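**Q** show me how the following folds:
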Amino acid sequence: MEIANLDDCFIEKYITNIMLEMGIPAHLKGYHYLRDAILLSGKDVEVVTSVTKLLYPTVARRYKTTGQKVERAIRNAIEVSWSRGNDETFVNLFGYSSSNGKTRPTNSEYIARIADKVRLDIKSM
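**A** Model prediction:
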């Protein structure tokens, strides 16, 4: 089954479950921006190759803000999840975690990896 053929609501719920498992607090603006960025990246892999020129501006238009604010809010959400989230979940997803002394993944690495997981999980359904 392809991600493009599914209802956005179903995919959003699936992404939300992953994000909550990773410890991203839902009250952060970056939480909502990140969910949309992952959804867009899941539907179009090319979006991740141009996050500053394509992905952030697309999310920013949806929320009537700027691409810079979207980038900063997403970075903050990732930093919070990296420091407070479940290390086991990060090891399963990225192969490392903050407990290994590694630095957090970049915004684009984080978005691309979760989008890839969502795409692969949905294909196997």
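**Q** gap between the spatially most central residue of the chain and residue 18?
**A** Closest residue to the average C-alpha location of the chain: residue 111 at 3.9 Å, with Cα atoms, centre = their mean. Separation of residue 111 from residue 18 (Cβ to Cβ, to the nearest Å): 12 Å. Every C-beta, even on glycine, is put in place using the N, C-alpha and C of the backbone.
**Q** kindly report the same for residue 83.
**A** According to Cβ to Cβ, residue 83 stands 18 Å off from residue 18.
**Q** for residue 102, same thing?
**A** For residue 102 relative to residue 18 (Cβ to Cβ), the value is 20 Å.
**Q** of the two, give the one with the bigger neighbour count.
**A** Of the pair residue 102 and residue 18, residue 18 is the one with more neighbours under other Cβ atoms under 10 Å, namely 17 against 13.
**Q** count the neighbours of the closest residue to the more buried one other than its chain neighbours for me.
**A** Nearest residue to residue 18, sequence neighbours excluded (Cβ to Cβ, 6 or more residues apart in numbering): residue 114, at 6.1 Å. The tally of other residues near residue 114 (other Cβ under 10 Å) stands at 23.
**Q** got it, and residue 21?
**A** Counted with other Cβ under 10 Å, residue 21 comes out at 15.
**Q** identify the residue spatially nearest to it, adjacent ones excluded.
**A** Distances taken as Cβ to Cβ, 6+ apart put residue 89 closest to residue 21, at 5.4 Å, once the chain neighbours are dropped.
**Q** can you pull the pLDDT of residue 5?
**A** pLDDT recorded at residue 5 is 57.
**Q** same question for residue 88.
**A** For residue 88, the model assigns a pLDDT of 88.
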